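Visitor: okay, sequence plus prediction incoming.
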Amino acid sequence: MKYKTLKGFQDILPPDILIWQNIETISRDVFRTYGYQEIRLPILESTDIFVRSIGETSDIVEKEMYTFQDKGGRSVTLRPEGTASFVRAYVEHHLYNHPAPQKYYYMGPMFRYERPQAYRYRQFYQIGAEAMGVEDPKLDAEIISMLTKILSGIGLKELNFELTSIGCKNCRPDYRDALKNFLRDKLNSFCSDCQRRYDLNPLRILDCKVPDCISSRQGAPQVIDYLCADCKKHFDGLRHYLDILKVPHSITPNLVRGLDYYTKTAFEVTSESLGSQKAVAAGGRYDGLVDEFGGPPTPGIGFAIGMERIIPLIKDSMKPSEGPDLFICCMGQYAYEEALALAEQLRARRLWVEINYDDSSLKSQMRKGNRIGAKHVIVIGEDEVRNEVAVIKDMITGTETQSRLEAQELVKIIKAGS
RNA sequence: GUGAGUGUAGCUCAGCCGGUUAGAGCAUCUGACUGUGGCUCAGAGGGUCGGGGGUUCGAAUCCCCUCACUCACCCCA
């Protein structure tokens, strides 16, 4: 094969595309009821937008970005995630001048140059939401509740909802120090990855799956115990409101986020039936990011759902089957002329109509009507054209009904049958 | 970037101790049934056996290299 998609990229074809559309429709409907409006952002941005927000030492920036020079010599990057672009747009269009909270959602592709594996692609799709301008945990609870509504609306079951607070720029350094102090003298009992993480991102040691590391980190200090008064109050408030909204959740203190901009609330939704890449959605609060982009200090919170992660979970239950409302079999030249015109009239009445295009036998045409899943088939030949009457066959029940060769009556029969 | 596994028809796979023209099921198309689908039967089309090199009289099969895919690590939606 000469040409094929790039590694980690994929075509999405029918009938799978119907599942995608279905998920998008359900999501839009939930967003609408919570007052979230769609925003469409460019896929390509200036590189420093991501470097500044995601963090220079994060894995995404260090090794996963699709970065290149455009013809003007500028460094540009295919977006690896949505929030940075969104905040850029929020500041650029002075959206902070509108009444808070400002609520937006987006859906579209993201790009990360990673080694592909199960449920992980280099171009992957996210449905994301961002809410700006409210610091109160009531908003956190609401957006999290909305996320669970979307996921359950899509039909996902048995998900784990993990929640924590990772503090703010005031209390997180204290925790980081406490953790490093705890780890310092027992570092050689950790794996080589963890020893590297010690300087780079010590919080991630808490997430390591190596058994020795798990036992060695027993008794390590937890973020939650180091939250400042403000962060603690926020976190307690969030848990209270989540209880009121009956959003089931578990506290996972060592939940680690890969992006530098998160503050306070961080959460992740996972599925055990996925394999190694099991996060289906994740998000958190980013109260310093607008500031960072040159806007007025504005709190924000958001999440993103990974399309490729949720589709395998619902593929079996969401099996769309579609076929034409009517397939027209034609015998002879006059019949084709009649059929073409008739098809147009029926399509104008919102029916999906297919006609046969070659002079194959009636049997072969019927077979085709059946194969493509037509709900009804009509045969038009010389007699039918002359008498303006034809037999329309219901392909599910097999019953035949006589009808005048005329759009209105045909529509009535077809709609009654389906 | 690291490690392991797999590459034969559109799809799922058999064939692999080397041996005539590379198979099956499903799918597609046609016919049996000259104007009525599904079931059945018959037939047809569709392959550089991932690519290159080597061993050999002879390679899908054995050896080397390479590419692609998959899974896992790292990390993440």
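Guide: That came through, no problem. Numbering: from 1, shown residues only, chains lettered A, B, ... in the order given.

Visitor: against which helices or strands is the helix or strand containing A:Arg367 packed?
Guide: According to DSSP states H and E, A:Arg367 maps onto helix A:362-371. Here helix A:362-371 touches strand A:326-330, strand A:376-380, going by 3 or more C-beta pairs under 8 Å, 6 or more residues apart in numbering; DSSP states H and E. Placement of C-beta: from N, CA and C, glycine included.

Visitor: can you list the residues that contact the first one?
Guide: Yep, that's strand A:326-330 we're talking about. A:336, A:339, A:342-343, A:346, A:351-356, A:362, A:365-366, A:368-369, A:372, A:374-381, A:392, A:410, A:414 (C-beta atoms under 8 Å, 6 or more residues apart in numbering).

Visitor: of those, which are in range of RNA strand B?
Guide: By C-beta under 7 Å from any atom of the strand, the members of the contacts of strand A:326-330 lying near RNA strand B are A:Leu362, A:Met366, A:Lys368, A:Gly369, A:Val377, A:Val379, A:Gly381.

Visitor: any chance of these in TSV, with neighbour count, pLDDT and distance to A:Pro42 too?
Guide: Shown next, in TSV, are these (neighbours: other C-beta atoms under 10 Å; pLDDT from 0 to 100; distance: C-beta to C-beta, whole Å):
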residue	neighbour count	pLDDT	distance to A:Pro42
A:Leu362	13	92	54
A:Met366	19	93	50
A:Lys368	18	91	44
A:Gly369	25	93	45
A:Val377	23	95	47
A:Val379	21	94	52
A:Gly381	16	91	56
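
Visitor: where does the stretch 251-400 of chain A have low pLDDT?
Guide: A:316, A:318-321 (pLDDT under 70).

Visitor: what strand or helix carries the closest residue to RNA strand B within the stretch 151-300 of chain A?
Guide: Nearest residue of the stretch 151-300 of chain A to RNA strand B (C-beta to the nearest atom of the strand) works out as A:Gly258 at 1.6 Å. Of the helices and strands defined by DSSP H and E, none includes A:Gly258.

Visitor: is it correct that it is in contact with A:Ser58?
Guide: Yes. A:Gly258 is within contact range of A:Ser58, at 6.0 Å (criterion: C-beta atoms under 8 Å).

Visitor: who in the stretch 301-418 of chain A is up against RNA strand B?
Guide: On the criterion C-beta under 7 Å from any atom of the strand, RNA strand B has as its neighbours in the stretch 301-418 of chain A the residues A:304-306, A:308-309, A:331, A:360-364, A:366-371, A:377, A:379, A:381-384, A:390-391, A:393, A:395-396, A:398, A:400.

Visitor: filter the residues you listed down to the buried ones.
Guide: With burial judged by 16 or more other C-beta atoms under 10 Å, the buried subset of these is A:304-306, A:308-309, A:331, A:366, A:368-369, A:377, A:379, A:381, A:384, A:390, A:393, A:395.

Visitor: A:Gln144 - that's part of a strand, no?
Guide: Not Gln; residue A:144 is Ile. No. Counting by DSSP: H, G, I helix; E, B strand; the rest coil, A:Ile144 falls outside a strand, being helix.
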